[in-house]
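[1] task: produce atomic coordinates for the following.
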Amino acid sequence: MIYFLSGMPRSGSTLLANTLLQNPRIHVTATSGLIDVIRTVRDVCDKNPLFKAIPHEERDQIKLDMIRGVILGRFREHEGKICIDKSRGWPTSFELASTIFGEKEKVKAIICVRDLRDILASFEKLYRKTLETSSTSQEMSDYFAYRTALGRAEFIMGPKEPLGYSMDVIRDAVTRGWRQNMLFVDYDTFCTKPGEVLRGIYGFIGQSYHESFHDFSNIEQVTVEDDTVHSFVGLHDIRSKIEPQAPQWPKVFDKAVLETPFWTRVTQGARWWEQMG
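    This next block holds a predicted model:
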């Protein structure tokens, strides 16, 4: 049995993962490609002529057994632990997860969220830091759309980019009836009340909260990623102490961004998940 860590970029998922990892009974992955491997196995079974030649019911059982084998193999060295797989893609595949686990109630996803304005500000700060030595893949793919702070913010909100994509798949999972399987964790609340948030997470996954495992002033970064793959310098770096954070966007953006119809729309939907029940 595994649980999922998903949500919006720049919303504290790496910080939360490493906080949970203070508990030796918990294993949390870095950003994971497990869901992509599972989808590949599923699609090969559905498209490959040799698999398609197998009677339908038998093929479906083989497919599920192979997928379960992939999951068991991924977490073999952590057998007996509470395992949490981190990926923004999981909300797209809750139905598949339900079939793998045997029932809908076993699908549990922690969804990290944050004020949209501060997510955009965080990406802008990362861009400026990255610009000291490199270009981002987004800039190289569409320089003219990415040439201003306003253009970068609009670009990141696009449906093919991490922020726009994550919002779309979370909303769609709710539309498909998975709201009760999702625990929304607000970044600002986590930074202000980490103990309360962790207690809620433990309860959500049916585990007892052990306060003694967690030291919010000394978070060691255990999950490490090569951020050159993701194109931004320091994308997954975390602070060692959890503490309240002042809003970033007023210091990052000026009126060239703040006095636009785009920013008005962002402000109106800054905490969009609160309207989802």
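[2] shaky segments in the stretch 151-277 of the chain?
    277 (pLDDT under 70).
[3] how about residue 6, secondary structure?
    Under DSSP: H, G, I helix; E, B strand; the rest coil, residue 6 falls in the strand class.
[4] isn't it up against residue 108?
    No. If you go by C-beta atoms under 8 Å, residue 6 and residue 108 don't touch, sitting 10.9 Å apart. Quick note: C-beta positions are derived from backbone N, CA and C, even for glycine.
[5] more neighbours, the two?
    Taking neighbours as other C-beta atoms under 10 Å, residue 6 and residue 108 compare with residue 6 leading, 24 against 20.
[6] for residue 14, phi and psi?
    phi -70, psi -40 (degrees, to the nearest 10).
[7] check contacts around it.
    By C-beta atoms under 8 Å, 6 or more residues apart in numbering, residue 14 lies in contact with 30, 221, 223, 236, 238.
[8] correct me if wrong: the second one contacts residue 19.
    No. With contact defined as C-beta under 8 Å, residue 221 does not reach residue 19; the gap is 10.5 Å.
[9] what about the strands in the protein?
    2-7, 26-31, 82-86, 109-113, 182-186 (DSSP state E).
[10] let's have these in TSV, adding distance to residue 276.
    Below are those laid out as TSV (distance: least, C-beta to C-beta, whole Å):
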stretch	distance to residue 276
strand 2-7	13
strand 26-31	24
strand 82-86	22
strand 109-113	10
strand 182-186	8
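[11] which one of those lies closest to residue 92?
    Residue 92 sits nearest to strand 2-7 of all those, at 9.7 Å, using C-beta to C-beta.
[12] tell me the strands beside the closest one, with direction?
    Sheet pairing of strand 2-7 (DSSP bridges) gives strand 82-86 (parallel), strand 109-113 (parallel).
[13] which of those sits most buried?
    With neighbours defined by mean count of other C-beta atoms under 10 Å, none of the strands paired with strand 2-7 is more surrounded on average than strand 109-113, at a mean of 25.
[14] which residues are in contact with that strand?
    By C-beta under 8 Å, 6+ apart, strand 109-113 touches 3-8, 11-13, 16, 84, 90-91, 94, 170, 178, 181-187, 201, 204, 271, 273.
[15] ok, of those residues, which come out buried?
    Taking 16 or more other C-beta atoms under 10 Å as the criterion, what is buried in those is 3-8, 11-13, 16, 84, 90-91, 94, 170, 178, 181-187, 201, 204, 273.
[16] for stretch 69-86, list the C-alpha coordinates in PDB.
    Extracted in PDB, the C-alpha atoms of stretch 69-86 (Å, rounded to 0.1, in the frame of the first residue of the first chain):
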ATOM      1  CA  GLY A  69       5.000  -5.900  -9.500                       C
ATOM      2  CA  VAL A  70       6.500  -2.600 -10.600                       C
ATOM      3  CA  ILE A  71       5.200  -0.900  -7.500                       C
ATOM      4  CA  LEU A  72       6.500  -3.700  -5.200                       C
ATOM      5  CA  GLY A  73       9.900  -3.500  -6.900                       C
ATOM      6  CA  ARG A  74      10.000   0.300  -6.600                       C
ATOM      7  CA  PHE A  75       9.500   0.100  -2.800                       C
ATOM      8  CA  ARG A  76      11.100  -3.300  -2.100                       C
ATOM      9  CA  GLU A  77      14.000  -1.800   0.000                       C
ATOM     10  CA  HIS A  78      11.400   0.100   2.100                       C
ATOM     11  CA  GLU A  79       9.100  -2.900   2.800                       C
ATOM     12  CA  GLY A  80       7.200  -2.500   6.100                       C
ATOM     13  CA  LYS A  81       7.400   1.300   5.900                       C
ATOM     14  CA  ILE A  82       4.600   3.900   5.200                       C
ATOM     15  CA  CYS A  83       5.500   4.700   1.600                       C
ATOM     16  CA  ILE A  84       4.600   7.900  -0.200                       C
ATOM     17  CA  ASP A  85       5.200   8.500  -3.900                       C
ATOM     18  CA  LYS A  86       5.600  12.100  -5.000                       C
END
